[in-house]
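1. sequence and predicted structure below; questions after.
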Amino acid sequence: MVSPIFSRNRKVKILATLGPSSSSPEMIEKMYRAGVDAFRMNMSHGEHEAHAANVRSIRALEKKIGRPIAILADLQGPKLRIGTFAEPAVMLHDGTRFTLDMIQKKGDATRVNLPHREILSTLQPGHTLLLDDGKIRLQVIRSDGNSVETEVIVGGIISDRKGVNVPEVVLPVSSLTDKDRKDLTFALEQDVDWIALSFVQRPEDVAEARRLIGGKAALLAKIEKPAAIDRLDEILELSDAVMVARGDLGVELLPEQVPPLQKKIVAAARKLGRPVVVATQMLESMIKSPTPTRAEVSDVATAIYDGADAIMLSAESAVGDWPIEAATMMDRIAAQVENDPSYADRVHFTETVPDETTADALAAASYNIARTIKTSAIVCYTSSGSTARRMARERPSVPLLVLTPNRHTARRVGLLWGAYAVITRDVTDFEEMIGKAKRMALRHGLGEAGSRLIVCAGVPFGTPGSTNLLHIVRLIGDELKRR
(Lines give C-alpha, C1' and ligand atoms only; values in the text may rest on other atoms or scores of the structure.)
Protein backbone atom coordinates (compact mmCIF):
# COMPACT_ATOMS: atom_id res chain seq x y z
CA MET A 1 0.00 0.00 0.00
CA VAL A 2 1.26 3.49 -0.82
CA SER A 3 1.25 6.18 1.86
CA PRO A 4 -2.22 7.78 1.96
CA ILE A 5 -0.84 11.31 2.34
CA PHE A 6 -3.18 14.08 1.19
CA SER A 7 -1.85 14.92 -2.27
CA ARG A 8 -4.40 16.98 -4.20
CA ASN A 9 -3.39 20.60 -4.61
CA ARG A 10 -7.05 21.63 -5.00
CA LYS A 11 -10.48 21.24 -3.46
CA VAL A 12 -12.73 20.79 -6.51
CA LYS A 13 -13.10 17.12 -7.46
CA ILE A 14 -12.57 15.48 -10.85
CA LEU A 15 -15.05 12.86 -12.07
CA ALA A 16 -13.94 10.80 -15.10
CA THR A 17 -16.02 8.55 -17.34
CA LEU A 18 -14.68 5.07 -18.03
CA GLY A 19 -14.84 3.54 -21.50
CA PRO A 20 -12.77 1.74 -24.12
CA SER A 21 -9.89 4.19 -23.66
CA SER A 22 -9.71 3.85 -19.90
CA SER A 23 -11.06 0.52 -18.68
CA SER A 24 -7.91 -1.44 -17.93
CA PRO A 25 -6.75 -1.61 -14.30
CA GLU A 26 -3.52 0.08 -15.35
CA MET A 27 -5.31 3.02 -16.98
CA ILE A 28 -7.67 3.45 -14.05
CA GLU A 29 -4.70 3.71 -11.68
CA LYS A 30 -2.88 6.13 -14.00
CA MET A 31 -5.97 8.33 -14.20
CA TYR A 32 -6.34 8.34 -10.42
CA ARG A 33 -2.71 9.34 -10.00
CA ALA A 34 -3.17 12.03 -12.68
CA GLY A 35 -5.87 13.62 -10.55
CA VAL A 36 -9.18 11.76 -10.95
CA ASP A 37 -11.11 11.52 -7.67
CA ALA A 38 -14.18 9.55 -8.76
CA PHE A 39 -15.20 7.36 -11.70
CA ARG A 40 -18.40 7.34 -13.78
CA MET A 41 -19.83 4.29 -15.51
CA ASN A 42 -22.10 5.31 -18.40
CA MET A 43 -24.85 2.69 -18.48
CA SER A 44 -25.84 3.84 -21.99
CA HIS A 45 -22.81 1.95 -23.29
CA GLY A 46 -21.14 -1.35 -22.48
CA GLU A 47 -22.30 -4.64 -21.03
CA HIS A 48 -22.78 -5.38 -17.36
CA GLU A 49 -19.77 -7.68 -17.39
CA ALA A 50 -17.50 -4.84 -18.51
CA HIS A 51 -18.89 -2.48 -15.87
CA ALA A 52 -18.44 -5.13 -13.18
CA ALA A 53 -14.81 -5.52 -14.23
CA ASN A 54 -14.32 -1.76 -13.83
CA VAL A 55 -15.83 -1.86 -10.35
CA ARG A 56 -13.42 -4.66 -9.38
CA SER A 57 -10.47 -2.64 -10.74
CA ILE A 58 -11.47 0.45 -8.80
CA ARG A 59 -11.97 -1.46 -5.56
CA ALA A 60 -8.60 -3.16 -6.03
CA LEU A 61 -7.00 0.25 -6.53
CA GLU A 62 -8.81 1.54 -3.45
CA LYS A 63 -7.28 -1.24 -1.39
CA LYS A 64 -3.83 -0.69 -2.90
CA ILE A 65 -3.67 3.05 -2.16
CA GLY A 66 -5.62 2.98 1.09
CA ARG A 67 -8.11 5.62 -0.06
CA PRO A 68 -11.90 5.44 -0.59
CA ILE A 69 -12.91 6.09 -4.22
CA ALA A 70 -16.40 7.02 -5.39
CA ILE A 71 -18.13 5.16 -8.25
CA LEU A 72 -21.11 6.70 -10.04
CA ALA A 73 -23.45 4.67 -12.26
CA ASP A 74 -25.17 6.94 -14.77
CA LEU A 75 -28.53 5.56 -15.97
CA GLN A 76 -29.43 6.12 -19.62
CA GLY A 77 -32.98 7.35 -19.18
CA PRO A 78 -35.64 7.30 -21.92
CA LYS A 79 -34.28 7.94 -25.41
CA LEU A 80 -36.95 9.06 -27.86
CA ARG A 81 -36.07 8.08 -31.42
CA ILE A 82 -37.73 8.15 -34.82
CA GLY A 83 -38.02 4.98 -36.94
CA THR A 84 -36.22 4.07 -40.14
CA PHE A 85 -36.25 5.35 -43.74
CA ALA A 86 -36.51 3.53 -47.05
CA GLU A 87 -33.35 5.32 -48.18
CA PRO A 88 -30.09 5.59 -46.20
CA ALA A 89 -30.91 9.27 -45.58
CA VAL A 90 -33.41 11.90 -46.70
CA MET A 91 -33.26 15.67 -47.04
CA LEU A 92 -35.82 17.82 -45.22
CA HIS A 93 -36.10 21.25 -46.84
CA ASP A 94 -37.00 24.42 -44.96
CA GLY A 95 -40.68 25.29 -45.22
CA THR A 96 -41.88 21.84 -46.26
CA ARG A 97 -44.32 19.63 -44.35
CA PHE A 98 -43.15 16.56 -42.44
CA THR A 99 -45.31 14.13 -40.47
CA LEU A 100 -44.46 11.90 -37.52
CA ASP A 101 -46.91 9.04 -36.98
CA MET A 102 -47.52 5.57 -35.58
CA ILE A 103 -47.55 3.85 -38.99
CA GLN A 104 -45.17 0.88 -38.98
CA LYS A 105 -43.48 1.39 -42.34
CA LYS A 106 -40.27 2.98 -43.53
CA GLY A 107 -40.21 6.74 -43.88
CA ASP A 108 -39.39 9.17 -46.67
CA ALA A 109 -39.03 12.95 -47.10
CA THR A 110 -42.68 13.46 -46.09
CA ARG A 111 -43.10 11.24 -43.01
CA VAL A 112 -41.49 8.85 -40.53
CA ASN A 113 -42.60 6.63 -37.67
CA LEU A 114 -42.39 7.96 -34.11
CA PRO A 115 -43.20 4.92 -31.92
CA HIS A 116 -44.19 6.91 -28.85
CA ARG A 117 -47.96 7.43 -28.71
CA GLU A 118 -47.67 9.19 -25.37
CA ILE A 119 -45.56 11.86 -27.06
CA LEU A 120 -47.78 12.25 -30.10
CA SER A 121 -50.86 12.68 -27.88
CA THR A 122 -49.13 15.44 -25.87
CA LEU A 123 -47.98 17.65 -28.74
CA GLN A 124 -50.03 20.69 -29.68
CA PRO A 125 -49.83 23.27 -32.51
CA GLY A 126 -46.90 25.60 -31.92
CA HIS A 127 -44.76 23.07 -30.06
CA THR A 128 -41.20 22.50 -31.26
CA LEU A 129 -39.56 19.16 -32.03
CA LEU A 130 -35.81 18.79 -32.40
CA LEU A 131 -34.27 15.90 -34.34
CA ASP A 132 -30.67 14.64 -34.33
CA ASP A 133 -29.39 16.67 -31.34
CA GLY A 134 -31.18 19.79 -32.48
CA LYS A 135 -29.76 19.87 -36.01
CA ILE A 136 -33.29 19.75 -37.45
CA ARG A 137 -36.09 21.89 -36.02
CA LEU A 138 -39.79 21.21 -36.64
CA GLN A 139 -42.88 23.13 -35.52
CA VAL A 140 -46.18 21.35 -34.95
CA ILE A 141 -49.03 22.53 -37.18
CA ARG A 142 -51.64 19.86 -36.50
CA SER A 143 -51.99 16.98 -34.06
CA ASP A 144 -54.69 14.32 -33.70
CA GLY A 145 -53.11 12.11 -31.05
CA ASN A 146 -51.87 9.50 -33.52
CA SER A 147 -49.77 11.75 -35.74
CA VAL A 148 -48.42 15.27 -35.90
CA GLU A 149 -47.96 17.36 -39.01
CA THR A 150 -45.06 19.78 -38.75
CA GLU A 151 -43.36 22.52 -40.73
CA VAL A 152 -39.62 22.19 -41.23
CA ILE A 153 -38.13 25.34 -39.69
CA VAL A 154 -34.49 24.27 -39.96
CA GLY A 155 -33.92 21.44 -42.41
CA GLY A 156 -31.10 19.06 -43.16
CA ILE A 157 -30.21 15.44 -43.79
CA ILE A 158 -31.88 12.90 -41.51
CA SER A 159 -31.34 9.14 -41.21
CA ASP A 160 -32.53 6.16 -39.17
CA ARG A 161 -33.30 6.25 -35.45
CA LYS A 162 -32.17 9.79 -34.72
CA GLY A 163 -33.08 11.22 -31.36
CA VAL A 164 -36.12 13.42 -30.69
CA ASN A 165 -36.23 16.25 -28.16
CA VAL A 166 -39.37 18.14 -27.13
CA PRO A 167 -38.15 21.15 -25.14
CA GLU A 168 -41.45 22.89 -24.40
CA VAL A 169 -43.39 19.95 -22.97
CA VAL A 170 -43.31 17.97 -19.75
CA LEU A 171 -43.51 14.53 -21.31
CA PRO A 172 -45.77 11.88 -19.73
CA VAL A 173 -42.96 9.35 -19.42
CA SER A 174 -41.02 8.05 -16.43
CA SER A 175 -37.34 8.91 -16.19
CA LEU A 176 -36.74 5.18 -15.55
CA THR A 177 -37.12 2.73 -18.43
CA ASP A 178 -37.12 -1.06 -18.15
CA LYS A 179 -33.44 -0.97 -19.10
CA ASP A 180 -32.76 1.60 -16.36
CA ARG A 181 -34.42 -0.58 -13.75
CA LYS A 182 -32.25 -3.55 -14.74
CA ASP A 183 -29.16 -1.35 -14.78
CA LEU A 184 -30.10 0.08 -11.38
CA THR A 185 -30.47 -3.39 -9.87
CA PHE A 186 -27.07 -4.34 -11.31
CA ALA A 187 -25.39 -1.16 -10.06
CA LEU A 188 -26.72 -1.63 -6.53
CA GLU A 189 -25.53 -5.25 -6.56
CA GLN A 190 -22.08 -3.89 -7.44
CA ASP A 191 -22.26 -1.60 -4.38
CA VAL A 192 -21.73 1.62 -6.34
CA ASP A 193 -21.80 4.84 -4.35
CA TRP A 194 -23.85 7.15 -6.55
CA ILE A 195 -26.72 6.66 -9.00
CA ALA A 196 -27.19 9.39 -11.62
CA LEU A 197 -30.78 9.77 -12.81
CA SER A 198 -31.18 11.04 -16.38
CA PHE A 199 -34.09 12.86 -18.03
CA VAL A 200 -35.38 14.34 -14.75
CA GLN A 201 -38.40 16.54 -15.44
CA ARG A 202 -40.13 16.80 -12.06
CA PRO A 203 -39.62 15.94 -8.36
CA GLU A 204 -41.75 12.82 -8.75
CA ASP A 205 -39.03 11.34 -10.99
CA VAL A 206 -36.49 11.71 -8.19
CA ALA A 207 -38.88 10.33 -5.58
CA GLU A 208 -39.52 7.22 -7.72
CA ALA A 209 -35.80 6.56 -8.12
CA ARG A 210 -35.14 7.13 -4.43
CA ARG A 211 -37.76 4.52 -3.51
CA LEU A 212 -36.09 1.98 -5.79
CA ILE A 213 -32.60 2.75 -4.49
CA GLY A 214 -33.76 2.30 -0.90
CA GLY A 215 -30.79 4.07 0.65
CA LYS A 216 -28.24 1.70 -0.89
CA ALA A 217 -26.58 4.54 -2.83
CA ALA A 218 -26.73 8.33 -3.00
CA LEU A 219 -28.87 9.87 -5.75
CA LEU A 220 -27.66 12.49 -8.22
CA ALA A 221 -30.28 14.20 -10.44
CA LYS A 222 -29.11 15.27 -13.88
CA ILE A 223 -30.54 18.62 -14.92
CA GLU A 224 -30.80 18.35 -18.70
CA LYS A 225 -34.45 19.22 -19.39
CA PRO A 226 -35.83 22.79 -19.37
CA ALA A 227 -38.84 21.46 -17.42
CA ALA A 228 -36.49 20.59 -14.54
CA ILE A 229 -35.38 24.20 -14.23
CA ASP A 230 -38.93 25.27 -13.41
CA ARG A 231 -38.99 22.95 -10.38
CA LEU A 232 -35.29 23.05 -9.54
CA ASP A 233 -35.63 23.72 -5.80
CA GLU A 234 -38.07 20.83 -5.36
CA ILE A 235 -35.77 18.49 -7.28
CA LEU A 236 -32.80 19.61 -5.20
CA GLU A 237 -34.67 18.96 -1.96
CA LEU A 238 -35.18 15.31 -2.95
CA SER A 239 -31.69 14.75 -4.38
CA ASP A 240 -28.34 14.12 -2.73
CA ALA A 241 -26.53 15.95 -5.56
CA VAL A 242 -27.17 17.39 -9.03
CA MET A 243 -25.35 17.53 -12.34
CA VAL A 244 -25.46 20.36 -14.87
CA ALA A 245 -25.71 18.07 -17.92
CA ARG A 246 -25.01 20.63 -20.59
CA GLY A 247 -25.25 18.24 -23.54
CA ASP A 248 -29.00 17.66 -23.69
CA LEU A 249 -29.66 20.98 -21.95
CA GLY A 250 -27.82 22.67 -24.82
CA VAL A 251 -29.91 20.80 -27.39
CA GLU A 252 -33.26 21.93 -26.00
CA LEU A 253 -32.21 25.51 -25.27
CA LEU A 254 -30.50 28.20 -27.29
CA PRO A 255 -26.72 28.04 -26.76
CA GLU A 256 -26.62 31.45 -25.10
CA GLN A 257 -29.19 30.33 -22.51
CA VAL A 258 -27.01 27.58 -21.06
CA PRO A 259 -24.26 29.61 -19.27
CA PRO A 260 -26.64 31.64 -17.06
CA LEU A 261 -28.60 28.47 -16.27
CA GLN A 262 -25.37 26.73 -15.30
CA LYS A 263 -24.68 29.50 -12.81
CA LYS A 264 -28.26 29.35 -11.54
CA ILE A 265 -28.11 25.59 -10.94
CA VAL A 266 -24.70 25.75 -9.25
CA ALA A 267 -25.83 28.59 -6.97
CA ALA A 268 -29.13 26.87 -6.07
CA ALA A 269 -27.35 23.61 -5.24
CA ARG A 270 -24.77 25.37 -3.08
CA LYS A 271 -27.43 27.26 -1.12
CA LEU A 272 -29.09 23.96 -0.24
CA GLY A 273 -25.79 22.23 0.47
CA ARG A 274 -26.09 19.74 -2.39
CA PRO A 275 -22.90 18.76 -4.25
CA VAL A 276 -23.05 19.96 -7.86
CA VAL A 277 -21.18 18.52 -10.85
CA VAL A 278 -20.61 20.48 -14.07
CA ALA A 279 -20.38 18.15 -17.07
CA THR A 280 -20.23 17.73 -20.86
CA GLN A 281 -17.71 18.92 -23.45
CA MET A 282 -15.43 20.56 -20.89
CA LEU A 283 -12.26 19.53 -22.74
CA GLU A 284 -13.96 18.18 -25.88
CA SER A 285 -11.05 18.85 -28.24
CA MET A 286 -8.86 16.56 -26.11
CA ILE A 287 -10.74 13.58 -27.51
CA LYS A 288 -8.31 13.88 -30.43
CA SER A 289 -5.77 16.50 -29.32
CA PRO A 290 -3.24 16.31 -26.45
CA THR A 291 -4.00 19.94 -25.58
CA PRO A 292 -7.29 21.81 -25.10
CA THR A 293 -8.45 25.05 -26.65
CA ARG A 294 -8.13 28.24 -24.63
CA ALA A 295 -11.92 28.52 -24.60
CA GLU A 296 -12.22 25.05 -23.02
CA VAL A 297 -9.71 25.97 -20.32
CA SER A 298 -11.77 29.08 -19.56
CA ASP A 299 -14.95 26.97 -19.42
CA VAL A 300 -13.44 24.63 -16.83
CA ALA A 301 -12.09 27.58 -14.87
CA THR A 302 -15.49 29.29 -14.83
CA ALA A 303 -17.14 26.23 -13.27
CA ILE A 304 -14.46 26.19 -10.57
CA TYR A 305 -14.77 29.91 -9.87
CA ASP A 306 -18.54 29.43 -9.54
CA GLY A 307 -17.91 26.89 -6.77
CA ALA A 308 -18.83 23.58 -8.42
CA ASP A 309 -18.02 20.58 -6.24
CA ALA A 310 -16.83 18.51 -9.20
CA ILE A 311 -16.02 18.85 -12.89
CA MET A 312 -16.42 15.92 -15.26
CA LEU A 313 -14.62 14.30 -18.16
CA SER A 314 -16.97 12.49 -20.57
CA ALA A 315 -15.81 11.29 -23.99
CA GLU A 316 -12.38 12.79 -23.27
CA SER A 317 -11.62 9.94 -20.85
CA ALA A 318 -14.04 7.29 -22.14
CA VAL A 319 -13.16 7.11 -25.84
CA GLY A 320 -10.53 9.82 -26.33
CA ASP A 321 -6.95 9.36 -27.43
CA TRP A 322 -5.54 11.27 -24.43
CA PRO A 323 -7.37 10.29 -21.21
CA ILE A 324 -4.37 10.75 -18.92
CA GLU A 325 -3.50 14.09 -20.46
CA ALA A 326 -7.14 15.23 -20.09
CA ALA A 327 -7.16 14.34 -16.39
CA THR A 328 -3.79 16.02 -15.88
CA MET A 329 -4.98 19.16 -17.66
CA MET A 330 -8.12 19.37 -15.55
CA ASP A 331 -6.03 18.95 -12.40
CA ARG A 332 -3.65 21.71 -13.53
CA ILE A 333 -6.47 24.12 -14.36
CA ALA A 334 -8.11 23.52 -10.99
CA ALA A 335 -4.89 24.03 -9.05
CA GLN A 336 -4.14 27.25 -10.94
CA VAL A 337 -7.63 28.67 -10.39
CA GLU A 338 -7.67 27.85 -6.68
CA ASN A 339 -4.25 29.50 -6.26
CA ASP A 340 -5.63 32.74 -7.74
CA PRO A 341 -5.78 35.34 -4.92
CA SER A 342 -9.25 36.35 -6.14
CA TYR A 343 -10.61 32.78 -6.02
CA ALA A 344 -11.86 32.97 -2.43
CA ASP A 345 -13.93 36.07 -3.15
CA ARG A 346 -15.32 34.64 -6.38
CA VAL A 347 -16.25 31.26 -4.91
CA HIS A 348 -18.13 33.06 -2.14
CA PHE A 349 -20.10 35.24 -4.54
CA THR A 350 -23.00 32.85 -3.85
CA GLU A 351 -24.26 33.56 -0.34
CA THR A 352 -24.96 30.42 1.67
CA VAL A 353 -27.20 31.32 4.60
CA PRO A 354 -27.08 28.75 7.44
CA ASP A 355 -30.31 27.09 8.47
CA GLU A 356 -31.40 27.60 12.07
CA THR A 357 -29.70 24.43 13.28
CA THR A 358 -26.76 23.80 15.57
CA ALA A 359 -24.90 21.89 12.86
CA ASP A 360 -25.25 24.75 10.35
CA ALA A 361 -24.18 27.29 12.96
CA LEU A 362 -21.04 25.27 13.74
CA ALA A 363 -20.24 24.91 10.02
CA ALA A 364 -20.50 28.67 9.54
CA ALA A 365 -18.43 29.25 12.68
CA SER A 366 -15.71 26.87 11.44
CA TYR A 367 -15.49 28.78 8.17
CA ASN A 368 -15.12 32.10 10.00
CA ILE A 369 -12.56 30.74 12.45
CA ALA A 370 -10.45 29.41 9.57
CA ARG A 371 -10.56 32.90 8.03
CA THR A 372 -9.60 34.58 11.29
CA ILE A 373 -6.78 32.41 12.62
CA LYS A 374 -4.28 30.26 10.77
CA THR A 375 -5.48 26.65 10.70
CA SER A 376 -4.30 23.66 8.66
CA ALA A 377 -7.58 21.72 8.44
CA ILE A 378 -11.13 21.29 9.67
CA VAL A 379 -11.66 17.82 11.11
CA CYS A 380 -15.24 16.61 11.24
CA TYR A 381 -16.57 13.36 12.63
CA THR A 382 -19.60 12.11 10.74
CA SER A 383 -21.55 8.92 10.21
CA SER A 384 -23.97 9.93 7.47
CA GLY A 385 -21.84 12.63 5.82
CA SER A 386 -24.31 15.40 6.69
CA THR A 387 -21.77 17.35 8.75
CA ALA A 388 -19.23 17.13 5.94
CA ARG A 389 -21.76 18.51 3.44
CA ARG A 390 -22.55 21.42 5.72
CA MET A 391 -18.86 22.21 6.14
CA ALA A 392 -18.15 21.95 2.41
CA ARG A 393 -21.06 24.26 1.59
CA GLU A 394 -19.17 27.08 3.34
CA ARG A 395 -16.17 26.58 1.03
CA PRO A 396 -13.55 27.00 3.80
CA SER A 397 -9.99 28.01 2.95
CA VAL A 398 -8.49 24.83 4.46
CA PRO A 399 -8.97 21.12 3.64
CA LEU A 400 -11.84 19.23 5.25
CA LEU A 401 -10.69 15.99 6.91
CA VAL A 402 -13.74 13.73 7.19
CA LEU A 403 -13.41 10.94 9.77
CA THR A 404 -16.12 8.29 9.53
CA PRO A 405 -16.61 4.65 10.48
CA ASN A 406 -18.90 4.23 7.47
CA ARG A 407 -17.20 3.07 4.27
CA HIS A 408 -20.16 4.14 2.14
CA THR A 409 -20.04 7.65 3.58
CA ALA A 410 -16.29 7.87 2.97
CA ARG A 411 -16.74 6.92 -0.67
CA ARG A 412 -19.69 9.22 -1.29
CA VAL A 413 -17.81 12.32 -0.14
CA GLY A 414 -15.52 11.69 -3.11
CA LEU A 415 -17.77 14.17 -4.98
CA LEU A 416 -17.73 16.75 -2.17
CA TRP A 417 -15.69 19.94 -2.49
CA GLY A 418 -12.57 20.01 -0.32
CA ALA A 419 -13.37 16.76 1.52
CA TYR A 420 -10.70 14.16 2.27
CA ALA A 421 -12.29 11.09 3.86
CA VAL A 422 -10.63 8.59 6.19
CA ILE A 423 -12.34 5.42 7.40
CA THR A 424 -11.71 4.99 11.11
CA ARG A 425 -13.42 3.62 14.21
CA ASP A 426 -15.80 5.98 15.96
CA VAL A 427 -14.70 7.69 19.17
CA THR A 428 -16.32 7.28 22.58
CA ASP A 429 -15.17 10.32 24.57
CA PHE A 430 -13.77 13.82 24.23
CA GLU A 431 -10.11 12.94 24.82
CA GLU A 432 -10.22 10.19 22.22
CA MET A 433 -11.88 12.57 19.77
CA ILE A 434 -9.13 15.17 20.09
CA GLY A 435 -6.31 12.62 20.08
CA LYS A 436 -7.58 10.88 16.96
CA ALA A 437 -8.14 14.18 15.13
CA LYS A 438 -4.51 15.15 15.80
CA ARG A 439 -3.12 11.76 14.79
CA MET A 440 -5.12 11.59 11.56
CA ALA A 441 -4.20 15.15 10.55
CA LEU A 442 -0.52 14.38 11.08
CA ARG A 443 -0.70 10.97 9.41
CA HIS A 444 -2.35 12.39 6.30
CA GLY A 445 -0.12 15.41 5.93
CA LEU A 446 -2.68 17.98 7.05
CA GLY A 447 -0.71 19.51 9.87
CA GLU A 448 2.71 19.99 11.44
CA ALA A 449 4.12 21.17 14.76
CA GLY A 450 2.37 24.37 15.75
CA SER A 451 -0.60 23.90 13.39
CA ARG A 452 -4.11 24.52 14.62
CA LEU A 453 -7.04 22.24 13.82
CA ILE A 454 -10.76 22.95 14.04
CA VAL A 455 -12.54 19.81 15.29
CA CYS A 456 -16.30 19.29 14.98
CA ALA A 457 -18.28 16.35 16.34
CA GLY A 458 -21.51 15.38 18.02
CA VAL A 459 -22.20 14.42 21.61
CA PRO A 460 -23.34 11.77 22.45
CA PHE A 461 -20.64 10.24 20.25
CA GLY A 462 -21.79 7.86 17.54
CA THR A 463 -25.24 9.44 17.28
CA PRO A 464 -26.08 10.53 13.70
CA GLY A 465 -27.26 14.13 13.36
CA SER A 466 -25.98 15.24 16.75
CA THR A 467 -23.22 17.67 15.66
CA ASN A 468 -23.00 20.16 18.54
CA LEU A 469 -19.33 20.54 19.45
CA LEU A 470 -16.51 22.68 18.05
CA HIS A 471 -13.00 22.69 19.49
CA ILE A 472 -9.71 24.28 18.39
CA VAL A 473 -6.52 22.35 19.10
CA ARG A 474 -2.83 22.88 18.41
CA LEU A 475 -0.42 20.17 17.27
CA ILE A 476 2.77 19.96 19.31
CA GLY A 477 6.17 18.46 18.63
CA ASP A 478 5.75 15.41 20.88
CA GLU A 479 2.70 14.35 18.88
CA LEU A 480 4.80 14.31 15.72
CA LYS A 481 7.08 11.74 17.33
CA ARG A 482 4.17 9.55 18.47
CA ARG A 483 2.18 9.52 15.24
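-> Yep, that arrived.
2. show the contacting residues for residue 232.
-> 223, 264-265, 268 (CB atoms under 8 Å, 6 or more residues apart in numbering). C-betas here are computed from N, CA, C, even on glycine.
3. need the pLDDT of it.
-> Per-residue pLDDT puts residue 232 at 97.
4. give me phi/psi at it?
-> Dihedral pair for residue 232: phi -60, psi -50, per degrees, to the nearest 10.
5. now residue 413
-> Main-chain dihedrals, residue 413, degrees, to the nearest 10: phi -70, psi 0.
6. would you mind giving the secondary structure of the most centrally placed residue in the chain?
-> Nearest to the mean C-alpha position of the chain, by CA atoms, centre = their mean, lies residue 277 at 3.6 Å. Of the three states, residue 277 takes strand according to DSSP: H, G, I helix; E, B strand; the rest coil.
7. partners of it in the sheet?
-> Bridge pairing for residue 277 (DSSP bridges) gives the partners residue 243, residue 310.
8. contact partners for it?
-> Residue 277 neighbours (CB under 8 Å, 6+ apart): 15, 220, 241-244, 308-312, 415.
9. sketch out the low-pLDDT regions of this protein for me.
-> For the chain, the stretches flagged by pLDDT under 70 are 1-6, 477-483.
10. outline the domain layout of it.
-> Residue ranges for the domains of the chain, per automatic domain parsing: 13-77+175-341, 89-165, 358-482.
11. redo the ones you listed as a markdown table? Include distance to residue 83.
-> Listed next are the domains of the chain as a markdown table, based on distance: least, CB to CB, whole Å:
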| stretch | distance to residue 83 |
| --- | --- |
| domain 13-77+175-341 | 18 |
| domain 89-165 | 3 |
| domain 358-482 | 39 |
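12. wait, which of those is closest to residue 351?
-> Nearest to residue 351 among the domains of the chain is domain 13-77+175-341 (7.7 Å), distances taken as CB to CB.
13. still on that earlier bit, any idea how far residue 261 is from the residue nearest to the centre of the chain?
-> As defined by CB to CB, to the nearest Å, residue 277 lies at a distance of 15 Å from residue 261.
14. the strands in the stretch 301-450 of the chain, which residues?
-> 310-313, 377-381, 400-404, 419-423 (DSSP state E, counting those that start in this stretch).
15. take the ones you listed and write them to JSON lines, including distance to residue 300.
-> Output for those, formatted as JSON lines (distance: least, CB to CB, whole Å):
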{"stretch": "strand 310-313", "distance to residue 300": "6"}
{"stretch": "strand 377-381", "distance to residue 300": "26"}
{"stretch": "strand 400-404", "distance to residue 300": "22"}
{"stretch": "strand 419-423", "distance to residue 300": "20"}
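16. so which of those is the most packed in?
-> Among the strands of the stretch 301-450 of the chain, strand 377-381 has the highest mean neighbour count (mean count of other CB atoms under 10 Å), at a mean of 29.
17. report all helices and strands that that strand contacts.
-> Packing partners of strand 377-381 (3 or more CB pairs under 8 Å, 6 or more residues apart in numbering; DSSP states H and E): helix 386-393, strand 400-404, helix 430-443, strand 452-458.
18. between those, which one is closest to residue 212.
-> Nearest to residue 212, of all those, is helix 386-393, at 22.5 Å by CB to CB.
19. quick one: residues contacting residue 278.
-> If a contact means CB under 8 Å, 6+ apart, then residue 278 has 243-244, 246, 262, 266, 303, 306, 308, 310-312 as its contacts.
20. cutoff 10 Å now
-> Contacts for residue 278 were tallied using CB atoms under 10 Å, 6 or more residues apart in numbering; they are 12, 15, 243-246, 262, 265-266, 299-300, 302-304, 306, 308-312.
21. could you do residue 213 as well?
-> 184, 187-188, 195, 197, 219, 240.
22. and which of these is nearest residue 21?
-> For the contacts of residue 213, the minimum distance to residue 21 (CB to CB) is 21.5 Å, reached by residue 187.
23. distance of that closest one relative to residue 73?
-> Counting by CB to CB, the separation of residue 187 from residue 73 is 4 Å.
24. which neighbours do the two share?
-> Shared contacts of residue 187 and residue 73, counting by CB under 10 Å, 6+ apart, come down to 41, 43, 51, 55, 193-196, 217.
25. those residues in helices, which ones?
-> Of those, the ones assigned to helices by DSSP state H are 51, 55.
26. need the shared contacts of residue 187 and residue 73 in a markdown table (columns: neighbour count and distance to residue 253).
-> Below are these laid out as a markdown table (neighbours: other CB atoms under 10 Å; distance: CB to CB, whole Å):
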| residue | neighbour count | distance to residue 253 |
| --- | --- | --- |
| 41 | 27 | 27 |
| 43 | 23 | 25 |
| 51 | 23 | 31 |
| 55 | 19 | 35 |
| 193 | 25 | 31 |
| 194 | 25 | 26 |
| 195 | 26 | 25 |
| 196 | 28 | 20 |
| 217 | 23 | 30 |
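27. tell me which of the shared contacts of residue 187 and residue 73 is nearest to residue 139?
-> residue 196 (32.3 Å).
28. ok, the closest one touching residue 206?
-> No. At 11.5 Å, residue 196 does not count as touching residue 206 under the criterion of CB atoms under 10 Å.
29. need the overlap of contacts for these two.
-> By CB under 10 Å, 6+ apart, the residues touching both residue 196 and residue 206 are 219-221, 242.
30. can I have the buried ones of these as a PyMOL selection?
-> In PyMOL, this line selects whichever of the shared contacts of residue 196 and residue 206 come out buried by 16 or more other CB atoms under 10 Å:
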select buried, resi 219+220+221+242
